[in-house]
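>>> Sequence first, predicted model second:
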Amino acid sequence: MTTRLSKLFGMDIYTTDGEYRGKVFDLVINLEKGKIETITTEPLKARTKQEAKKIISEKSVPYNRVRAAKDILVVGSSPRIEEEPEEPTAPIRPVRRY
């Protein structure tokens, strides 16, 4: 699924059951993998580590649960199964018999 990050901000988030979860406020990005990890519905401006953990656990959605992102974000209750890219195989060379 490919989406521009700027389009996600402010989008409504709904579950597959139609429950409203909030609006996209912030994104947590894993720079090493180049992937979005978490979507938050509140700012991550926390004074303590415990406050930040509470926001992540209660006011966030793991990005691997996003099912669709068009006009709204639709999230499921379990992580989506990501397809692993196929590794290129070496071309099969014909066997030469002399």
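Received, thanks.
>>> burial of Asp12, as a residue count?
13 (other Cβ atoms under 10 Å). In this view, the C-beta of every residue, glycine as well, is placed from N, C-alpha and C.
>>> what are the bridge partners for it, then?
Lys23 (DSSP bridges).
>>> wait, it sits on Lys70?
No - if you go by Cβ atoms under 8 Å, Asp12 and Lys70 don't touch, sitting 11.3 Å apart.
>>> Might you report the residue contacts of the residue most central in space within the chain?
In the chain, the residue lying closest to the centroid (Cα atoms, centre = their mean) is Tyr63, at 2.3 Å. Contacts for Tyr63 (Cβ atoms under 8 Å, 6 or more residues apart in numbering) come out as 27, 35-39.
>>> Keep only those of those that are in strands.
Members of the contacts of Tyr63 lying in strands (criterion: DSSP state E): 27, 35-39.
>>> quick one: which of those residues is nearest Gly18?
Minimum distance to Gly18 across the ones in strands among the contacts of Tyr63 is 18.2 Å, recorded for Ile39 (Cβ to Cβ).
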